[in-house]
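1. model the structure of this input:
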Amino acid sequence: MPDFADQLARLLSDELLADLAEAPADEVRARRRACEEVEVSLSYLRRMVQGRLDIVEAEVARRSGGSPGPVVEELPAILAGPPRPPGPGRLATRMEPGASHRELTAELDRVLDPGRLAAVAELPDGELAAAASGLAALERDVSARRRALHQRMDAVQTEIVRRYRSGELSVDTVLP
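-> As a prediction, the model looks like this:
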């Protein structure tokens, strides 16, 4: 089985959409499923990055006088965080990532591994600032990859809808 990075690269390549209109319906549906599975993993990674970034930012705020108590006491509020801005949203069919946890978080752990995260209050200011910067950059990168994947998912879904509207596909072909 290809690793997560290879799967994502394949799905983000032009190859995914190259012959979409001519591909058999089962192949188009398989491409959509592959995109959905990788998207779940990317969403998981993004949530992990955002959680660590929220903790680091809370420690930065604490050090600058924004919070009197240790970050660990504030974890429930930090991780609950403010509501995210509304967006189009997608209803996930799966919640757990398909890729292994270690494979997904390797990039994240290079920026701020769990051991350093647990000791965030003891990190020197420079290391804390570097972690905040690295996590913010990683969050932007993961979000950009996710947006690119969503564009491909939308193109594949548009092709499926086109086929139903044109009569090339029928609901009867997917029902038992």
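2. which residues sit against stretch 106-122?
-> Contacts of stretch 106-122 from elsewhere in the structure, counted by CB atoms under 8 Å, 6 or more residues apart in numbering, are 45, 48-49, 52, 55-56, 59, 62, 70-72, 123, 127-128, 131, 134-135, 138. C-beta here means a position set from N, CA and C on the backbone, and glycine is covered the same way.
3. now do that stretch, average pLDDT.
-> Mean pLDDT, computed over stretch 106-122, is 93.
4. can you give me the offset of the helix or strand where D109 lies from its chain's centre?
-> Counting by DSSP states H and E, the element that carries D109 is helix 101-111. Its chain's C-alpha centre lies 13 Å from the corresponding centre of helix 101-111 when counted by CA atoms, centre = their mean, to the nearest Å.
5. same check, this time on stretch 102-119
-> Using CA atoms, centre = their mean, the mean C-alpha position of stretch 102-119 is found 16 Å from that of the whole chain.
6. buried residues in that stretch?
-> Of the residues in stretch 102-119, those buried under the neighbour-count criterion (16 or more other CB atoms under 10 Å) are 104-105, 108-109, 111-112, 116-117.
7. could you point out the helix or strand that follows the strand or helix carrying M48?
-> According to DSSP H and E, M48 maps onto helix 25-63. Following helix 25-63 in sequence order, the next helix or strand is helix 71-80 (DSSP H and E).
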